[in-house]
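Engineer: Just need the structure, nothing else, for what follows:
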Amino acid sequence: MIKTDAVIIGAGPIGLFAVHQLGIKGLKSEIIDNLDKAGGQCIELYPDKPIYDIPAVPECSGKSLTENLLKQIKPFGSKFHLKERVQEIKEESGIWTVKTNKNKIFQTPNIIIAGGVGSFEPRKLSLKELTKFEDKSVFYSVTDKDLFKNKKISIFGGGDSALDWALEFSKNSKVTLIHRRNEFRGAPHTLKELEKLKENSKITIKTPFQIKSINDGDKLKSIEIQNDDEKVEKIETDIILGFFGLIMQLGPIAEWGLNMDNKTIAVNTENFQTSKPGIFAIGDICSYPGKLRLILSGFHEAALASVECFKRARPNEKYRFQFTTSSKEIQDRLGIKK
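Structural biologist: Below is the predicted model:
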């Protein structure tokens, strides 16, 4: 059982800033996210694309924004529970019990839903026989490059992620890149490098092919791929990597009895609380008149939600607004020494 002042669902920029706003008020938080790393859409969909509408930051990437937010919340020591999903919630006497799909249980007076437009899940290869190999020899993201050294790797996909990892792993593994179309969608310099590696036999490219079957048994050894002309080829394979983008699902949140507005959660704009006391929604997942789906709007929503979280977590204390520029209490929490 983990007791905390707030459970934040979603480790994107808005969820990370919520950690900061809670932290400067002296509140502890735990962050749960279905993805394997913090950053949400910024990291999964556009890590290197420029963002131009963060106040006082003329230009930044999704990656640099995430890195700076993580640096900003480091003093608070909040724990991340990645590759987990909230499955159940239950309220009793103003305290919420939160249970994840990995059977972790949290108790908290505040739940902040900052899950973008829902939880991100990778699109997967449709061959059902692959399921038993997931996280063993079939992967849809890369968390530890060393796991893929000196292997026979079949990479499926035609976008930036598939191409970038094909280039990376071709340095020390035998790579076959497989795409269901003849054309790849990647940066020009990446496509040029890919063609060079193909000419030098450093990488094998198979188009237009899709997976047809895998070997029998408890260990992945080979796959069969098939093209539109029903030509079948067998490829020796230790590892399958699939990069087909992400699908977004509201998931169990849709069953929590919250007032909804076209797949988003209705909130009041005083504190961004939902129809259930103690549950807040901020960022793209919340809805109210005049809502703008901007990161800066989510930061504002996080700040206001954190005030009500303080009142619920510290009912016997009076909330005092303080400026970070002049509050020694806040600066101490941030580890600032003068």
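
Engineer: Near Pro55, how many other residues are there?
Structural biologist: A total of 7 residues lie near Pro55 under the criterion other C-beta atoms under 10 Å. Using the backbone N, CA and C atoms, a C-beta is placed for each residue, glycine as well.

Engineer: For the residue lying closest to it once chain neighbours are set aside, give me its contacts.
Structural biologist: The shortest distance from Pro55 to any non-neighbouring residue, by C-beta to C-beta, 6 or more residues apart in numbering, is to Leu296 (5.9 Å). Leu296 sits next to 53-55 when contact means C-beta atoms under 8 Å, 6 or more residues apart in numbering.

Engineer: again with Ile178
Structural biologist: Contacts for Ile178 were tallied using C-beta under 8 Å, 6+ apart; they are 154-156, 205-207, 209-211, 225.

Engineer: Widest-spaced pair of those residues?
Structural biologist: Ile205 and Ile211 (15.3 Å; C-beta to C-beta).

Engineer: Who has more neighbours out of these two?
Structural biologist: Neighbour count, other C-beta under 10 Å: between Ile205 and Ile211, Ile211 has more, with 21 against 17.

Engineer: which SSE is the more buried one in?
Structural biologist: According to DSSP states H and E, Ile211 maps onto strand 209-214.

Engineer: Give the buried residues for that strand.
Structural biologist: In terms of neighbour count (16 or more other C-beta atoms under 10 Å), strand 209-214 has its buried residues at 209-211, 214.

Engineer: Same check on stretch 223-232?
Structural biologist: Quick answer for stretch 223-232 (16+ other C-beta under 10 Å): 223, 225.

Engineer: How about stretch 37-46?
Structural biologist: Under the neighbour-count criterion of 16+ other C-beta under 10 Å, stretch 37-46 has 38-44 buried.

Engineer: Report the mean per-residue pLDDT for that stretch.
Structural biologist: Taken as a whole, stretch 37-46 has an average pLDDT of 84.

Engineer: what's it in contact with?
Structural biologist: By C-beta under 8 Å, 6+ apart, stretch 37-46 touches 10-16, 31, 33, 35, 47, 51, 61-63, 65-66, 70, 80, 82, 116, 120, 143, 246.

Engineer: one step back: please tabulate the contacts of Leu296 in CSV, including the columns distance to Lys338 and pLDDT.
Structural biologist: Output for the contacts of Leu296, formatted as CSV (distance: C-beta to C-beta, whole Å; pLDDT from 0 to 100):
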residue, distance to Lys338, pLDDT
Asp53, 33, 95
Ile54, 27, 95
Pro55, 25, 94
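
Engineer: Pretty sure Ala32 sits in a strand.
Structural biologist: Not quite, residue 32 is Ile, not Ala. Yes: under DSSP: H, G, I helix; E, B strand; the rest coil, Ile32 falls within a strand.

Engineer: What's the separation between it and Gly115?
Structural biologist: 9 Å (C-beta to C-beta, to the nearest Å).

Engineer: What about the nearest residue to Gly158 once chain neighbours are set aside? Give its phi and psi, please.
Structural biologist: If the residues on either side of it in the chain are set aside, Gly158 comes closest to His179, at 4.0 Å by C-beta to C-beta, 6+ apart. Main-chain dihedrals, His179, degrees, to the nearest 10: phi -140, psi 140.

Engineer: Then the one 10 residues further on?
Structural biologist: With angles defined as degrees, to the nearest 10, His189 sits at phi -70, psi -30.

Engineer: circling back to that earlier point, where's the residue nearest to Pro55 relative to Ser326, distance?
Structural biologist: Distance from Leu296 to Ser326, by C-beta to C-beta: 24 Å.

Engineer: Output the next helix or strand after the strand holding Ile211 as PDB, nothing but the C-alphas.
Structural biologist: Using DSSP H and E, the helix or strand that follows strand 209-214 in sequence is strand 222-227. Extracted in PDB, the C-alpha atoms of strand 222-227 (Å, rounded to 0.1, in the frame of the first residue of the first chain):
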ATOM      1  CA  SER A 222      12.200 -17.700 -37.700                       C
ATOM      2  CA  ILE A 223       9.300 -15.900 -39.400                       C
ATOM      3  CA  GLU A 224       7.700 -16.100 -42.800                       C
ATOM      4  CA  ILE A 225       6.700 -13.000 -44.700                       C
ATOM      5  CA  GLN A 226       4.400 -12.700 -47.700                       C
ATOM      6  CA  ASN A 227       4.000 -10.000 -50.400                       C
END
